[in-house]
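*Asks:* can't give you the sequence, but here's the structure:
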């Protein structure tokens with residue numbers, strides 16, 4: 001039996017999620033609360049500065065010990081020192097991830113790249129055995145080379161105000177990208193996400209909407225259009 005799965009990030013490990021057949025769906029990497037009150041949540045922050053947030057990720061990576069590569073630690077340390085993580089470092093971490101997967105006997109991963117430069121593992125299709133082996137290697141390789149840099153870089157791109165509430169961050173990002181009007185609210189976000197209308201109509205969804213969601217850990221899948229990685233026949 002063939003299965004199709006998608007991998008998305010949490011802060012410390014990769015989760016495998018079933019993709020819906022046809023159409024589009026939205027899955028969260030961090031399971032944020034579905035809150036609809038802008039005023040109650042918009043004040044809470046992940047950190048008092050981007051540099052401080054990078055330090056949090058560096059601390060998390062350091063605590064993971066040998067599971068995290070020295071290269072990922074170095075990228076985070078440079079981010080703390082400079083207050084920013086350049087795209088070249090982000091892309092290098094994904095390149096290291098690919099090489100890690102290949103070294104474990106897996107096919108070179110296919111990555112989906114969003115308009116803002118965020119990468120995620122493409123949808124994966126294959127037998128149970130092939131997929132289990134792929135995702136086992138993926139969990140190890142992501143943790144070693146990507147996870148903490150990815151978390152820091154996503155926040156840098158899609159949550160510049162460091163909002164603790166994911167929905168607040170997504171709305172802010174979409175407004176700044178010009179994807180929704182400035183009057184757009186969290187209540188509209190939640191309504192449209194559930195109904196598949198407006199900003200989340202799969203037939204008209206804007207690249208900026210997908211990018212802002214991806215940068216905040218919510219991957220919008222469109223299995224009719226997104227590329228699949230075939231592991232075996």
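*Replies:* Thanks, I have the structure now. What you see is a predicted model; the values in this text were computed from it and never measured.

*Asks:* CA atoms for contacts and neighbours, from now on please.
*Replies:* OK.

*Asks:* torsion angles phi and psi at the residue positioned nearest the centre of the chain?
*Replies:* Central residue of the chain (C-alpha atoms, centre = their mean): residue 217, 4.1 Å from the mean position. Phi and psi for residue 217, reported as degrees, to the nearest 10, are phi 80, psi 10.

*Asks:* and it, how far from residue 127?
*Replies:* 27 Å (C-alpha to C-alpha, to the nearest Å).

*Asks:* residue 166 now?
*Replies:* In terms of C-alpha to C-alpha, residue 166 sits 34 Å off from residue 127.

*Asks:* swap in residue 96?
*Replies:* Counting by C-alpha to C-alpha, the gap from residue 96 to residue 127 is 26 Å.

*Asks:* look at these two and report which has more neighbours.
*Replies:* Set side by side, residue 96 and residue 127 show more neighbours around residue 96, with 19 against 16, by other C-alpha atoms under 10 Å.

*Asks:* show me the contacts for that one.
*Replies:* Going by C-alpha atoms under 8 Å, 6 or more residues apart in numbering, residue 96 touches residue 145.

*Asks:* how about the strand or helix carrying it: buried residues?
*Replies:* Using DSSP states H and E, residue 96 sits within helix 87-103. By neighbour count on 16 or more other C-alpha atoms under 10 Å, the buried set for helix 87-103 is 89-94, 96-101.

*Asks:* and if you look at stretch 186-194?
*Replies:* For stretch 186-194, by 16+ other C-alpha under 10 Å, it's 186, 188-190, 193.

*Asks:* out of the residues you listed, the closest to residue 145 would be?
*Replies:* residue 193 (31.9 Å; C-alpha to C-alpha).
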